[in-house]
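starting from these lines, generate the structure:
(2 chains)
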Amino acid sequence: MLYVYAITADHGPEDMEPLPEGILPDTPVWRIASGGLAAVASPVPDHTFGAEALPAHLEDVQWTRARVLGHERVVCALLPRATVLPLKFCTLFSGEEALRAALSAHKKTLEQTVDHLRGAREWGVKLFVEARGPDPRAPEPVGAGAGAAFFRRKKEEQQARAAAEAALDRCVVASHQRLAAHARAAVANPLQPPQLHGQRGKMALNGAYLVDLQAEPAWRACLSELERTYADEGVRYALSGPWGAYNFAGGGLVRA
Amino acid sequence: MSEPEPVPSCTTGEIAVADLLDRVLHKGLVLWGEATISVAGVDLVYLGLKVLLTSTDTVNRMREAAASPPDGRNHHAG
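Next up is the predicted model:
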């Protein structure tokens, strides 16, 4: 059977250079051309990737992790060579005939996606915010009026928290809107919980941006400006990429 | 689980595995054809990576995946 990493188009001359190792050790990576498109795929054994065997392998986190990295390694290697439509992990076909049939059946949609992605790259921007330490506390009020002072302070703290939340909301919205304005397409993805992102602070934006190559300097300048604007509010931006355009390759299903 | 090795990024140093999984598992083009282990496989991945993926969002996706019967084309007769 065939493990398929990506569909490619607009192949440059460097596309003939060898690709890295495939999804399994010592597995070759093939290009299966169909019109102006090509599928990039590796032959994989049924006893590993077949419907019977795969579930047990996927339960092995280390094995799966190595396969995910293998998938990404191939997609990354393709990026400078062609317009790349990265496929979801574990896209498998029974053989070349079935793969060619799918390419042919979905030709129009695939070509439209190629048009959408041509000449642009995906970047990720995450925004983290660190909670401010508690304000240096004034001495606890004592004596007459202490109760009223206590409640007044509680109310002030609540108002300060609400104001900080509102300021963060404005920052998140402005950041995403401005980055999106310099991009061909943009998406705000679900936030990662702390145990997943492993960073200091709380994630407040998990954005992906499809940016024209020509627009990259302006987009990066926009990010730098946001960093300067919001640095004082305890906000930190994390840039990643360039990625295969996973977020813009039609996460929706390509149906016959 | 041993400390995982860092993931090399294309150009900008190391990337978080979480970012990679966000993309490779949750996004990417879904190419439907006769083969459909793809979709079954991805659902299984959510289960297989439960150690790495502990987000509520992922748990919800798993529930959705378990609750909704896959499209008829998932079951390749051949």
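
looking at the residue of the stretch 151-256 of chain A at minimum distance from chain B now. What's its pLDDT?
Closest residue of the stretch 151-256 of chain A to chain B, C-beta to the nearest C-beta: residue A:246 (3.7 Å). From N, CA and C alone the C-beta is placed, and that goes for glycine too. For residue A:246, the model assigns a pLDDT of 94.

ok, it touching residue B:24?
Yes: with contact defined as C-beta atoms under 8 Å, residue A:246 counts as touching residue B:24 (6.8 Å).

between the two, which contacts overlap?
residue A:86 (C-beta atoms under 8 Å, 6 or more residues apart in numbering or on different chains).

what's the neighbour count on the residue of the stretch 151-256 of chain A closest to chain B?
Using other C-beta atoms under 10 Å in any protein chain shown, residue A:246 has 27 neighbouring residues.

for residue A:126, same thing?
By the criterion of other C-beta under 10 Å, residue A:126 has 23 neighbours.

so it, which state does it fall into?
Using DSSP: H, G, I helix; E, B strand; the rest coil, the structure places residue A:126 in strand.

contacting residues for it?
Taking C-beta under 8 Å, 6+ apart as the contact definition, residue A:126 lies against A:192, A:197, A:199, A:203, A:205-207, A:237-238, A:240, B:19.

would you map the helices across the stretch 51-200 of chain A?
Remark: helices assigned in the stretch 51-200 of chain A by DSSP state H, counting those that start in this stretch are A:54-58, A:61-78, A:96-105, A:107-117, A:146-181, A:194-197.

counting contacts, what elements does the longest one pack onto?
Secondary structure elements in contact with helix A:146-181, counted by 3 or more C-beta pairs under 8 Å, 6 or more residues apart in numbering or on different chains; DSSP states H and E, are strand A:120-129, strand A:185-188, strand A:202-212, helix A:216-230, strand A:235-243.

from the chain's centre, how far out does that helix sit?
29 Å (C-alpha atoms, centre = their mean, to the nearest Å).

how about the fourth one?
In terms of C-alpha atoms, centre = their mean, the gap separating the centre of helix A:107-117 from the centre of its chain is 20 Å.

sorry, back to before: tell me the most buried of the helices and strands packed on helix A:146-181?
Most buried of the helices and strands packed on helix A:146-181, by mean neighbour count (mean count of other C-beta atoms under 10 Å in any protein chain shown): strand A:120-129, with a mean of 22.

strand A:202-212 and that one, what's the angle between them?
With axes from the mean of the first three to the mean of the last three C-alpha atoms, to 10 degrees applied, the angle from strand A:120-129 to strand A:202-212 works out at 160 degrees.
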